[in-house]
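S.K.: Got a predicted structure plus its sequence, pasted below:
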Amino acid sequence: MPSGGTAEWRIMKRMKNQQITALLLALALALAGCAGSGTAAQSAAGSTTGAAAAAVENSDSVADVQEEDSGSQNTGSAPRKTDPAGREGLLDFSDDEDTVSDDSAAGSSEGGTAAAAEEDDDSRAMAAANQVQKAENAKITLTGENLPVPAKDYTIMIYMVGSNLETNRGAATDDLEEMLSSGIDFQKNNVVVYTGGARKWFGNIPCDRNCVLDLSRGEDNWIVGTTDGNSDMGSTETLAEFLQIAAANYPAQHYGLIFWDHGNGPINGFGVDELFGNDSLQFGEIRAAMDPSPFANGGNAHLDWVGFDACLMGSIENAKLWSRYTDYMIASEELEPAGGWDYSFLQTLNETTEPVPIASSVTEKYYNWYVSKTNNAVTLAVYDLKKTDNVVKAYTDLTGKMNSDIQAGQFARVVKARNGALRLGTSENTSRGSGTDLLDLSNMAGRFTDYYKEESDAVRTAVTEMVIDNKTNIKGATGISVYFPGENRTLYQGRDGHIRLFPR
């Protein structure tokens, strides 16, 4: 039995039995959400999620006990509209660093005569923050000639939420230029980009509306569609409209979809639209956009792969979501460096339309660039989404064992094993209790080998089969994460559990 001075003992002493059981259900939220309709695990968890949330809300959490000595605490409920925590993260994007002011924004990209001309152009003025989404603003009006274009081999669609990455650093513009110079053959391939979410664009892109860009037409003529005003990149209707427009006007035998911006993992989703209160796309909102899209089951287009040039999106929860719509996913389970992907990978489309070689070229170029030119810790993986359910089943069995042990009074053992796993997304957090509660899934399962060897081995085998390419220099990183509550109480507090994250 643990000594009276340990955190584990204090946890056990302060938790009532029903609260311990409720906390276990919180720990298994990701499992419950991923299990899919019709499974025993989801049925059981779905019937108790409300009680678990209420008990966790009123209990002394693991995070509280761990924070007692330091005195630091992350307070308040986890908002849907979140501060940016992807790419370089909050430390490199503080309010007082490199922020473009309203007065200087209009002339920040060119200077001289061009800057003076831009100041007179409302479309180039700094876009207003704290806007309210209007449904009609999501509609895209096509302005380009000769649309739709003839069918090609490939169409790459990029959902580019500029955020403070563009406003402060011009990072989106840099990547657009990288795409243009990638050497991709536009006779065979389309690259269609949808821009929004930034108060200021450094390139030839208006700030007062969302734009569809056709990169094959060059920077001077690339705008082929616009909205009437800004549209929230964190809303279902904005994403849904872009998918419909891209598929209808850029037909191809193969499609790839890239999400570009900050990423916040399973809890806060993807993207930070700084025009709409830092709104993000929750997983349920993504699904609501994908279900009526041409890429859903029964649609007239096939999505070969989806990629996230964003932090923390390489999770089993995200993989489960996208296994409905595509065959492969490319994502990082860790924070991405500010430069994001190396878009010279687009040249690979000149040589093949096969998804695995294309996806592997993304990870290879990304990894090689950062390890040869920087000291960044990086990881980027390719997932075979047809294997997702095998991982979910194995993880269901493992957490079932944890549940039994916790109800038998072995809560401290579970906590100790969980806290030994590789934690992700923590480099920008200065105190315990403020992290992402994301763990490397296989690494975490390995921590339970002494207690549940069969189930632990099954998880690690399933992960190995699902992660078909993992480029990393991080010890213990196997390519895919899972949300496992344990430190950041407020990240979970106020949520309605897997029902919100994974709508049925």
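M.R.: Perfect, thanks for sending it. Because the structure is a prediction, the values reported are computed rather than measured. Residues are numbered from 1 along each chain as shown.
S.K.: so what strands line up beside the host helix or strand of Phe308?
M.R.: Counting by DSSP states H and E, the element that carries Phe308 is strand 303-309. The pairing partners recorded for strand 303-309 under DSSP bridges are strand 252-260 (parallel), strand 326-331 (parallel).
S.K.: Tabulate the CA atom coordinates of that strand in PDB.
M.R.: Output in PDB follows, covering the C-alpha atoms of strand 303-309 (Å, rounded to 0.1, in the frame of the first residue of the first chain):
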ATOM      1  CA  LEU A 303     -11.000  11.200 -51.000                       C
ATOM      2  CA  ASP A 304      -7.800   9.300 -51.000                       C
ATOM      3  CA  TRP A 305      -6.300  10.900 -47.900                       C
ATOM      4  CA  VAL A 306      -6.600  13.700 -45.400                       C
ATOM      5  CA  GLY A 307      -3.700  15.600 -43.900                       C
ATOM      6  CA  PHE A 308      -3.300  18.000 -41.000                       C
ATOM      7  CA  ASP A 309      -0.500  20.600 -41.300                       C
END
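S.K.: immediately after that strand, which helix or strand?
M.R.: Going down the chain from strand 303-309, the next helix or strand is helix 316-322, by DSSP H and E.
S.K.: Which neighbouring elements make contact with that next one?
M.R.: helix 29-34, helix 283-290, strand 326-331, helix 388-407, strand 481-483 (3 or more C-beta pairs under 8 Å, 6 or more residues apart in numbering; DSSP states H and E). Any C-beta I mention is one placed from the backbone N, CA and C, and that applies to glycine too.
S.K.: just to revisit the earlier point, list the buried residues for the strand holding Phe308?
M.R.: Residues of strand 303-309 classed as buried under the neighbour-count rule (16 or more other C-beta atoms under 10 Å) are 303-309.
S.K.: hmm, who's touching that strand?
M.R.: Residues outside strand 303-309 that contact it (C-beta atoms under 8 Å, 6 or more residues apart in numbering) are 175, 254-261, 263, 270, 295, 314, 318, 322, 325-332, 336, 340-341, 353, 355, 358-359, 362.
S.K.: likewise stretch 230-241?
M.R.: In this structure, residues lying in contact with stretch 230-241 by C-beta under 8 Å, 6+ apart are 81, 127, 131, 133-135, 137-140, 159, 161, 196-197, 208-210, 261, 271-273, 275-276, 279-281, 285-286, 288-289, 292-293.
S.K.: now do 7 Å
M.R.: When contacts are taken as C-beta atoms under 7 Å, 6 or more residues apart in numbering, the neighbours of stretch 230-241 outside the stretch itself are 127, 131, 133, 135, 137-140, 159, 161, 196-197, 208-210, 271, 273, 275-276, 279-281, 285-286, 288-289, 292-293.
S.K.: what's the spacing between that stretch and its chain's center?
M.R.: From the chain centre to the centre of stretch 230-241 is a distance of 16 Å (C-alpha atoms, centre = their mean, to the nearest Å).
S.K.: Quick one: mean pLDDT over it.
M.R.: Per-residue pLDDT values across stretch 230-241 average out to 97.
S.K.: May I have that stretch exported as CSV, CA atoms only?
M.R.: Only the C-alpha atoms of stretch 230-241 are listed here, as CSV (Å, rounded to 0.1, in the frame of the first residue of the first chain):
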residue,chain,number,x,y,z
ASN,A,230,-15.7,37.1,-43.9
SER,A,231,-17.0,33.6,-43.1
ASP,A,232,-16.1,31.7,-39.9
MET,A,233,-13.5,29.0,-40.7
GLY,A,234,-14.6,27.3,-37.5
SER,A,235,-18.2,26.7,-38.8
THR,A,236,-19.7,23.7,-40.4
GLU,A,237,-21.2,25.7,-43.3
THR,A,238,-17.9,27.3,-44.3
LEU,A,239,-16.1,23.9,-44.7
ALA,A,240,-19.1,22.3,-46.3
GLU,A,241,-19.4,25.0,-48.9
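S.K.: Low-confidence stretches in the stretch 51-200 of the chain?
M.R.: Residues of the stretch 51-200 of the chain meeting the criterion pLDDT under 70: 51-124.
S.K.: can we see that at 50?
M.R.: Applying pLDDT under 50 to the predicted model, the residue ranges of the stretch 51-200 of the chain that meet it are 51-86, 88-120.
S.K.: can you map out the helices along it?
M.R.: 62-67, 102-105, 112-119, 163-169, 171-180 (DSSP state H, counting those that start in this stretch).
S.K.: For the stretch 51-200 of the chain, just list every one of the strands.
M.R.: When secondary structure is read from DSSP state E, counting those that start in this stretch, the stretch 51-200 of the chain shows strands at 140-142, 152-161, 189-196.
S.K.: if we can go back for a sec, now the contacts of stretch 230-241: which count as buried?
M.R.: Neighbour-count burial (16+ other C-beta under 10 Å) applied to these gives 127, 131, 133, 137-138, 140, 159, 161, 196-197, 208-210, 271, 273, 275-276, 279-281, 285-286, 288-289, 293.
S.K.: mind listing what Met157 touches?
M.R.: Contact criterion C-beta under 7 Å, 6+ apart gives 192, 246, 255, 257 as the residues in contact with Met157.
S.K.: got it, and Leu439?
M.R.: 421-424, 481-482, 484.
S.K.: Looking at these, spot the one nearest Asn146.
M.R.: When the contacts of Leu439 are compared for distance to Asn146 (C-beta to C-beta), Ser481 comes out closest, at 43.9 Å.
S.K.: Per-residue pLDDT of the residue lying closest to that closest one once chain neighbours are set aside, please?
M.R.: The shortest distance from Ser481 to any residue that is not its chain neighbour, by C-beta to C-beta, 6 or more residues apart in numbering, is 4.1 Å, and that residue is Glu333. If you check Glu333, the pLDDT there is 97.
S.K.: just to revisit the earlier point, tabulate the contacts of Leu439 in JSON lines, adding columns for neighbour count.
M.R.: Converted to JSON lines, these look like this (neighbours: other C-beta atoms under 10 Å):
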{"residue": "Ala421", "neighbour count": "21"}
{"residue": "Leu422", "neighbour count": "22"}
{"residue": "Arg423", "neighbour count": "22"}
{"residue": "Leu424", "neighbour count": "27"}
{"residue": "Ser481", "neighbour count": "36"}
{"residue": "Val482", "neighbour count": "29"}
{"residue": "Phe484", "neighbour count": "21"}
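S.K.: Make a markdown table from the residues you listed and add distance to Leu239 to it.
M.R.: Formatted as a markdown table, the entries for those read as follows, by distance: C-beta to C-beta, whole Å:
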| residue | distance to Leu239 |
| --- | --- |
| Ala421 | 33 |
| Leu422 | 32 |
| Arg423 | 30 |
| Leu424 | 26 |
| Ser481 | 23 |
| Val482 | 25 |
| Phe484 | 28 |
